Structure formats: structure tokens, C-alpha cells
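Enquirer: Provided below are the primary sequence and the corresponding predicted coordinates.
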Amino acid sequence: MPTPLHRLILFLLLLAPLTACEQPRVLVLEADGFAWEVIDPLMDGGYLPTIKKIVDGGVRADLYCADATSPGLPCFCPQVWATAMSGVKAWRHGINNFAQNSDQRSSAMLWDVLRAEGVTTNLFSLHNTWPGEPNAEIVLTEEGAHLLGDLFYEITPNGEFARQAVSPPLYRGAHGRRLIAALPGTWTQPAGLYEQLGLLPYDGPRVDAWFPVAKDRVAMELLARVAKERQRDTQLSLKDALPEEARKYGFLNPHKLLRAYNNMSYGERRQFRDGLLGIADQAYLDVILLHSNDRQSHMTWKSIQERPFDSIDVEALYQSADAWTGPFVTPPPFQWGRIGWQYLEFDQWLGDLLSQGYYDHVVILSDHGFQPNPIPSGSPPGVHNDGQAYNGVFIMKGPKVKRGLDIGRISVLEVAPSLAYVFDAPIATNLHGGLVERIFSEDVLEAQPPRYIESWQPYLPTQW
């Protein structure tokens, strides 16, 4: 039989407005080089439970990435990722290589628009965000992630390929000297964020790690810590508000109401906070770029597909997945890991992150797929400059999104305007891509008609 406390909670929930969609909390995982050719068999084999849950509960599509560049050019990571977050082609946003700074961008980004709408954006290890982003709250620059990785891990490069990658163009010449001189002050925005969160100084063991894996792991750890601290701040506000609310309804012991709150579902908690306590969740967008899968796939792709247009060797993929025992380290002799291992690590990390209830919308993107190098002895063994590699991955799940639907293929130009719609932000009519309405449920489209403006350019920062 329901207790008076249970009846009170039910009554409060009935009074609370349904606000779960009004303040979206969105995670965008930019999983560099993710390919459906790997994801689908790994999901079927039970190896990617978190990603499968997101796919089954949302929409999926091929993400055509060649639209970011001029016809005939390969999908180059900085160009594609900048297009995904701006809705325009590379010739307009101006980002064409890893070495460019954020102040060399010539188009407004999604987070520039969202700032004007009251949405907080946090960016973790994205290309071309150094020395910072005026319209983002927290920024871990890619350069900072590289160098911070060296503080937490014993970096294990291997041969000339790794030496070039450890010192990419962004560390060379005048740009590199300026960058190193400015660090550590521009590792993060705000400066000293790792120290503020207790992640530095670090006195733990320094295990061996391949440099792109180390870079990804420091970014994943920072995002997890930021999300946890944000949740803690909300809980502190809740504890301040609950005693008064409990006394209002005759409960002398507010801990009973707090225990009842802790037993609510995620959606019920949000209704209770927003509707009764006035503790509205702030809308926010967290974007993290994880690059190690791209590097790993470059070196290991031919273990599952020897020649272009061959079928994927699913048995070899499963053997690789079965050999994974957790996030891998690289003690001598150095190893790249095996195909699919970074998919498994990302899935495990994502499951831990989402289990805390930090997000209501989750988006997974990739900037390209992979194919075997058509040159038999060509290096690297895996490439993304033609054919099947032009199709990346698009996955979205959330209250505004249809469930369990394959929507075919969309363009990377359509990502930014579709994400803007999640936040009910205006979509510019002069973008090269537009809103993909078939992502969203009909009742949402009816209740929230898209808003349009002429251009996003007025949101482009003028000072860095």
C-alpha cells in the first residue's frame, strides 16, 4: 500500500511540468574513424552494449563526409570536424589542417550560437581550439591533451611514424615555439583546470601508453570529472531546497524526501527539481573528440579487410575483440593494439559516464570510415580517401528523437543545424546544410517549429 510519502511524491510529480526536453543536456562523441563495418558485427556479437543501447533507442545513419571538402578530395579530419560543428564547407570555415588556431576560423561554430541562447558548451580535445574558445566555458585544447598525456603516462612512440605524430605540424616552427612558450597556461580554459579538479599534481603510476591513447584518456578523465562536479553542484542545491519543501508538506525529517528523490527515475527527478523546487538544469553541450581509434585503424585495418570491396572478416574481428582485456598499455615491444580495441574502450567509458545520468541526448559521430590501402604494401594499411571510407557514422538518442530507426544517409553539413534544433536555437538559412527533420519525432516537430535566421556570422567571436 502506498505510504503518505509516496502519495506526496506522486502528487508533486503530477504538478510538475514536463520539462525534460526544454533544457537539453547533450553529449557529442566525435569518434574519429568509427565505421559501421566494425560497429555492426561488434554489436551483433555483444561487444558494444552501450553503443547498441543508444542505436536501438535512437536513430542511425551513414554520415557522408566528403561534402566538407571540394569534389575529389579525401575526408581530412580537421576539415570534416569543423564542418560538422559549423554546417558549412571547408572553403567557408577556413580550417584545412591541424596547425590552424581557433582565431583563424572564418565561420561561427555551433557553440558560438548556443552561447547567445544561454547554453553552456564544454570542449574536450577538439582540433583547432587553441588558444581557446571565447564562447565555450571549458576547453581542453588538443595541444594541451597531448602534453598532459605526457604527465600521466609513459608515452611509447614507435619509429619514424610515431615521431612525426608526436611532433605534428602544430608543434613545429614559429607556431610550435609560441605554443610551447605559452603552455601550461593554455592547456585548458580556464587555465589550471586540472589543478582545480584535483587531477594535478599527479603522483600515481605512469603506465606505458601509445601517445594518441594517452591523449584520449586524459580528455575522457577530464570530461568525467567535469560531469561529476556539475552533478554534485546540482545535488548541493537540492539539499539546500529540500528541507524547506519537506517542512511545507509537514515532514519534519527531510531525509525521507531525499531518499524518495533518490529512488525516482531520471525523468522524474528532473520534473521534481524543475517544477517544484525551481532548480532547473542548465542546458549544456559537451563535445569530446577521441582520435586513437583513427590511428589504430590506420595501422590494423587490413587484418579484417585485405582488399577494397572485400567483405569484412568478422571472425578475425571477433578474435581481436576476444583478445581485449581492458584499456591496453604498450610496454616494450611497442604495439598498436588490435582492430576494434578502441571501440571497446570507448564503449566501456561511455557506459560508465552515461550510467551517472548526466545527459538526456547522446550523439556519436565519425568523420569517415576506413578501407584497405589499395597498394598491397602501401602505408598505412588503412586509409580513408575513397569509396566506403566516405561514409562515417551518425547516431542520436534522446527524448526528441525517433526510436530504433535507420534513416539512411545524411550529410556532415546537416549535423550542426540538427544539433541547434535540439536546443531550439535558430538555424541559419545560409548554411550549406539544413535540419534533418526525419531524426525527430512528429510531436516534437509540431510542438517546437524550427526557428530560422539569415546567418550565424554575427555570432563569430571578434576577440580571442
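Expert: Nice, thanks for sending it over. Residues are numbered from 1 along each chain as shown.
Enquirer: mind checking the SS state of Met396?
Expert: Using DSSP: H, G, I helix; E, B strand; the rest coil, the structure places Met396 in strand.
Enquirer: I figured Val383 hits Phe370, correct?
Expert: Yes: counting by Cβ atoms under 8 Å, Val383 touches Phe370, with 7.2 Å between them. Heads up, the C-betas are built off the backbone N, CA and C, glycines and all.
Enquirer: Name the residues contacting each of the two.
Expert: His298, Ala389 (Cβ atoms under 8 Å, 6 or more residues apart in numbering).
Enquirer: Between the two, which is the more surrounded one?
Expert: Phe370 (28 against 22; other Cβ atoms under 10 Å).
Enquirer: check contacts around that one.
Expert: Gly33, Ala35, Glu37, Ser297, His298, Trp301, Gly382, Val383, His384, Gln388, Ala389.
Enquirer: what about 6 Å?
Expert: Neighbouring residues of Phe370 by Cβ atoms under 6 Å, 6 or more residues apart in numbering: Ala35, Ser297, Trp301, Gly382, His384, Ala389.
Enquirer: Out of those residues, list just those in helices.
Expert: Those of the contacts of Phe370 mapping onto helices are Ser297, per DSSP state H.
Enquirer: okay if I get the contacts of Phe370 as a markdown table plus distance to Ser366, neighbour count and pLDDT?
Expert: Listed next are those as a markdown table, based on distance: Cβ to Cβ, whole Å; neighbours: other Cβ atoms under 10 Å; pLDDT from 0 to 100:
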| residue | distance to Ser366 | neighbour count | pLDDT |
| --- | --- | --- | --- |
| Ala35 | 7 | 26 | 97 |
| Ser297 | 10 | 28 | 95 |
| Trp301 | 14 | 26 | 96 |
| Gly382 | 14 | 26 | 92 |
| His384 | 10 | 28 | 88 |
| Ala389 | 10 | 24 | 89 |
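Enquirer: Of the contacts of Phe370, which is the nearest to Phe309?
Expert: Taking Cβ to Cβ as the measure, Phe309 lies nearest Ala389 of these, at 11.9 Å.
Enquirer: what's the helix or strand harbouring Asp40 in contact with?
Expert: If you go by DSSP states H and E, Asp40 is part of helix 36-44. Residues from elsewhere that reach helix 36-44, judged by Cβ under 6 Å, 6+ apart: Leu48, Lys52, Ile312, Val314, Leu317, Gly340.
Enquirer: quick one: contacts for the nearest residue to the fifth one once chain neighbours are set aside?
Expert: Leaving aside its chain neighbours, Leu317 sits nearest to Ile304 (5.1 Å; criterion: Cβ to Cβ, 6 or more residues apart in numbering). For Ile304, the contacting residues are Ile312, Asp313, Ala316, Leu317, Ile339, taking Cβ under 6 Å, 6+ apart as the criterion.
Enquirer: Next, count neighbours for the second one.
Expert: Neighbours of Asp313 under the rule other Cβ under 10 Å: 17.
Enquirer: Which residue is the nearest non-sequential neighbour of it?
Expert: Spatially, and ignoring its direct neighbours in sequence, Asp313 is nearest to Ile304 (4.7 Å; Cβ to Cβ, 6+ apart).
Enquirer: Okay, that neighbour and Pro24: tell me how far apart.
Expert: Computed as Cβ to Cβ, to the nearest Å, the Ile304 to Pro24 distance reads 37 Å.
Enquirer: before we move on, what about Val383?
Expert: Per Cβ to Cβ, Val383 is found 37 Å from Pro24.
Enquirer: Check Arg225 too.
Expert: Going from Arg225 to Pro24 by Cβ to Cβ gives 22 Å.
Enquirer: Who has more neighbours out of those two?
Expert: More neighbours surround Pro24 than the other of Arg225 and Pro24, with 21 against 15 (other Cβ under 10 Å).
Enquirer: I'd guessed the more buried one sits against Val422; true?
Expert: Yes: using Cβ atoms under 6 Å, Pro24 makes contact with Val422 at a distance of 5.2 Å.
Enquirer: Pull up the overlap in contacts between the two.
Expert: Listed as contacting both Pro24 and Val422 by Cβ under 6 Å, 6+ apart are His361.
Enquirer: Do a quick rundown of the strands in the stretch 251-400 of the chain.
Expert: 284-290, 361-365, 371-372, 382-383, 391-397 (DSSP state E, counting those that start in this stretch).
Enquirer: Mind putting those strands into a markdown table with distance to Tyr459?
Expert: Shown next, in a markdown table, are the strands of the stretch 251-400 of the chain (distance: least, Cβ to Cβ, whole Å):
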| stretch | distance to Tyr459 |
| --- | --- |
| strand 284-290 | 14 |
| strand 361-365 | 21 |
| strand 371-372 | 37 |
| strand 382-383 | 36 |
| strand 391-397 | 23 |
